[in-house]
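Engineer: Coordinates only, no sequence provided:
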């Protein structure tokens, strides 16, 4: 007898539908084929032990289990439940009349309970696309999958509940999982507020521009000037993600196994890797090509504190995602691509001792030391940074005055208004912010008048701007114009953009 059950696997964010074909014939032995890895091969022992512990019998005849398509290597333990259901149905222990409507995923424990598996959210999205009306997941994975509209998600605790769901038992309606609202991710645990930043109006204005348009920036200044604190405050003025952005980001976290028992992430990620992080930790990789910090910051912020202390190889790997907003991880027989559209925020000192450019004259570094230190950030990477913000020490009188700055809540309202302008502008374009515009969109949405073109021509000549630098200035100017309520970019917007693009340090 031949029986089919349906599941899926993730290769990066790409979901591959898998058909579990089970044939029971005369003979002896159980065979698993279809290019399984060691974890999948071990599933036979897990599945048979789990079935026996739940008072089901293992077929005594020759049983062949095929995971199709056979040309794709099957990894992980998510096939266990589909294999178990197939064995029960093929040996006529259950009827499962509605099995063709279900996509089934989960790992089996030896006592028959279900354990969560990564990738439930993108698999549920693929299931809906493939025409499945229902999915069965372990309880811990079902909540994230329930965010997919138009498909019914069941959360099962054990193999017995899976069988009852497939048989259409009345009580199983109570096992349908519904979304439970937003999840505040751990990455947003910081409660810093711009109200506590004294002075630094130039830097705060630059950070509002960056947040409004999704621009990359570097904060450069002496120790104690407030660079790291202002960077942490950035999270407090970023708007929440749209549903489309939330699904994209949550899918990355789902594949990484970081959404256990949670719904969609609706607040923008704020990732802060240490400067000793390896290339694999930043880019992603490992045996299953899991996403790294670059992809986990998708639609959010990647903050590199003391960016000049990161290895040159790590910083150079940022060039592709900053330009293309994706990151590719190559393996011997396949390549995985993850989204990586993030704001890069870096902070650094201007020199090894930290006091170059300070009015106190405390810098002890030689010109060669300063040059080598600043050269750790390569020219091609620096060219991809939109705003270079010089952070000066706070004046003593202002520091002791007790004067408070503007609240993050008030700044966030302005940022949200500007983001809404961009969402309306780029509707149907597949992008969300000015920083994401490509060359064609730049020409379409950033036209310059005759005076503005002449002004930009002078700037390009005096500052030896590259084509990329020209585009970066236009994107910043477009954001400033949006902040000021302007329909077109004028000279004042370009002037301010240039002011933030270049400074004394970098």
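Structural biologist: Okay, I see it. Quick caveat: nothing in here was measured; it's all calculated off a predicted structure.
Engineer: use CA for all of it now, contacts and neighbours both
Structural biologist: Fine.
Engineer: so how far is the helix or strand bottoming out on mean pLDDT in the chain off the chain centroid?
Structural biologist: Every helix and strand of the chain was ranked by mean pLDDT, DSSP states H and E. The lowest is helix 396-400, at a mean of 75. Remark: helix 396-400 is offset 40 Å from the chain centroid, using CA atoms, centre = their mean, to the nearest Å.
Engineer: Next secondary structure element downstream of that helix?
Structural biologist: helix 408-425 (DSSP states H and E).
Engineer: what packs against that following helix?
Structural biologist: Under the contact criterion of 3 or more CA pairs under 8 Å, 6 or more residues apart in numbering; DSSP states H and E, helix 408-425 touches helix 201-213, helix 467-483.
Engineer: My read is that residue 284 contacts residue 329, right?
Structural biologist: Yes: counting by CA atoms under 8 Å, residue 329 is a contact partner of residue 284 at 7.3 Å.
Engineer: more neighbours, those two?
Structural biologist: Ranked by neighbour count (other CA atoms under 10 Å), residue 284 and residue 329 place residue 284 first, with 23 against 18.
Engineer: For residue 472, see how far away the more buried one is.
Structural biologist: As judged by CA to CA, to the nearest Å, residue 284 and residue 472 stand 28 Å apart.
Engineer: And for residue 282?
Structural biologist: Relative to residue 472, residue 282 is positioned 25 Å away (CA to CA).
Engineer: of these two, who's got more company?
Structural biologist: Between residue 282 and residue 472, residue 472 has the larger neighbour count (other CA under 10 Å), namely 26 against 20.
Engineer: There's contact between that one and residue 386 in this structure, I believe.
Structural biologist: Yes: between residue 472 and residue 386 a contact is recorded at 5.9 Å, counting by CA under 8 Å.
Engineer: hang on, the earlier thing: between the helices and strands packed on helix 408-425, which one is nearest to residue 309?
Structural biologist: Of all those, helix 201-213 sits nearest to residue 309, with 22.2 Å by CA to CA.
Engineer: Run through the helices of the stretch 201-350 of the chain in chain order.
Structural biologist: 201-213, 227-233, 243-255, 279-283, 293-296, 312-316, 319-324 (DSSP state H, counting those that start in this stretch).
Engineer: quick one, which of these is nearest to residue 491?
Structural biologist: Ranking those by proximity to residue 491 (CA to CA) places helix 201-213 first, at 16.8 Å.
Engineer: Buried residues in that closest one, which are they?
Structural biologist: Residues of helix 201-213 classed as buried by neighbour count (16 or more other CA atoms under 10 Å): 203-204, 206-213.
Engineer: Let me know the closest of those to residue 227.
Structural biologist: Nearest to residue 227 out of these is residue 203 (CA to CA; 9.1 Å).
Engineer: For residue 231, see how far away the closest one is.
Structural biologist: Residue 203 is 10 Å from residue 231, by CA to CA.
Engineer: just residue 152 next, same as before
Structural biologist: For residue 152, the distance to residue 231 (CA to CA) stands at 41 Å.
Engineer: How far does stretch 294-305 sit from its chain's centre?
Structural biologist: How far stretch 294-305 lies from its chain's middle: 8 Å, per CA atoms, centre = their mean.
Engineer: Rounded mean pLDDT for it, please.
Structural biologist: Taken as a whole, stretch 294-305 has a mean pLDDT of 96.
Engineer: Can you give me the end-to-end span of it?
Structural biologist: Across stretch 294-305, first to last residue, CA to CA, it's 15 Å.
Engineer: same question, stretch 295-302
Structural biologist: End-to-end distance for stretch 295-302: 9 Å, by CA to CA.
Engineer: Quick one: low-confidence residue ranges for the stretch 151-300 of the chain.
Structural biologist: Along the stretch 151-300 of the chain, segments meeting pLDDT under 70 span 181-190.
Engineer: at 80 instead, please
Structural biologist: The stretch 151-300 of the chain contains residues with pLDDT under 80 at 180-191, 260-262, 287-288.
Engineer: still on that earlier bit, buried residues in the least confident helix or strand of the chain, which are they?
Structural biologist: Residues of helix 396-400 classed as buried: none (neighbour count, 16+ other CA under 10 Å).
Engineer: what does it contact?
Structural biologist: Residues outside helix 396-400 that contact it (CA atoms under 8 Å, 6 or more residues apart in numbering): 198-199.
Engineer: one more time with 7 Å, if that's ok
Structural biologist: residue 198 (CA atoms under 7 Å, 6 or more residues apart in numbering).
Engineer: Stretch 305-320 now?
Structural biologist: 228, 275-276, 279, 327, 346-348, 376-377, 381.
Engineer: can you give me the end-to-end distance of that stretch?
Structural biologist: 20 Å.
Engineer: just stretch 61-80 next, same as before
Structural biologist: Terminal residues of stretch 61-80 are spaced 20 Å apart (CA to CA).
Engineer: Going by neighbour count, list what's buried in it.
Structural biologist: Judged by neighbour count using 16+ other CA under 10 Å, the buried positions of stretch 61-80 are 63-68, 72-80.
Engineer: Got a quick PyMOL command for the buried subset of the contacts of stretch 305-320?
Structural biologist: In PyMOL, this line selects whichever of the contacts of stretch 305-320 come out buried by 16+ other CA under 10 Å:
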select buried, resi 228+279+327+346+347+348+377+381
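Engineer: For the contacts of stretch 305-320, give me a markdown table that also has distance to residue 113.
Structural biologist: Rendered in a markdown table, the data for the contacts of stretch 305-320 read as follows (distance: CA to CA, whole Å):
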| residue | distance to residue 113 |
| --- | --- |
| 228 | 46 |
| 275 | 41 |
| 276 | 40 |
| 279 | 37 |
| 327 | 37 |
| 346 | 46 |
| 347 | 48 |
| 348 | 50 |
| 376 | 52 |
| 377 | 51 |
| 381 | 50 |
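Engineer: now for the longest strand belonging to the chain, which elements pack on it?
Structural biologist: The residue-count maximum for a strand in the chain (DSSP state E) belongs to strand 14-25. Here strand 14-25 touches strand 2-11, strand 62-68, helix 80-90, helix 120-130, going by 3 or more CA pairs under 7 Å, 6 or more residues apart in numbering; DSSP states H and E.
Engineer: Which residues does the last one contact?
Structural biologist: This means helix 120-130. Applying CA under 7 Å, 6+ apart, the contact partners of helix 120-130 are 8, 13, 15, 103, 141, 144-145, 148, 151, 251, 254.
Engineer: switch to 8 Å and redo it
Structural biologist: With contact meaning CA under 8 Å, 6+ apart, helix 120-130 is reached by 8-10, 13-15, 103, 133, 135, 137, 141-142, 144-148, 150-151, 250-251, 254-255.
Engineer: List the contacts of whatever helix or strand comes next after that helix.
Structural biologist: For helix 120-130, the following helix or strand on the C-terminal side (DSSP H and E) is strand 134-138. Outside strand 134-138, the residues within contact range by CA under 8 Å, 6+ apart are 101-107, 114-117, 120, 124, 127, 142, 151-158, 162.
Engineer: Verify the stated contact: residue 20 with residue 70.
Structural biologist: No: contact between residue 20 and residue 70 fails when scored by CA under 8 Å: they sit 10.7 Å apart.
Engineer: Run a quick neighbour tally on the nearest residue to residue 46 once chain neighbours are set aside.
Structural biologist: The spatially closest residue to residue 46, leaving aside those adjacent along the chain, is residue 110, at 5.9 Å (CA to CA, 6 or more residues apart in numbering). Residue 110: 17 surrounding residues under other CA under 10 Å.
Engineer: Pull the contacting residues for residue 110.
Structural biologist: Counting by CA under 8 Å, 6+ apart, residue 110 touches 46-47, 49-50, 53.
Engineer: Nice, that's everything, thank you.
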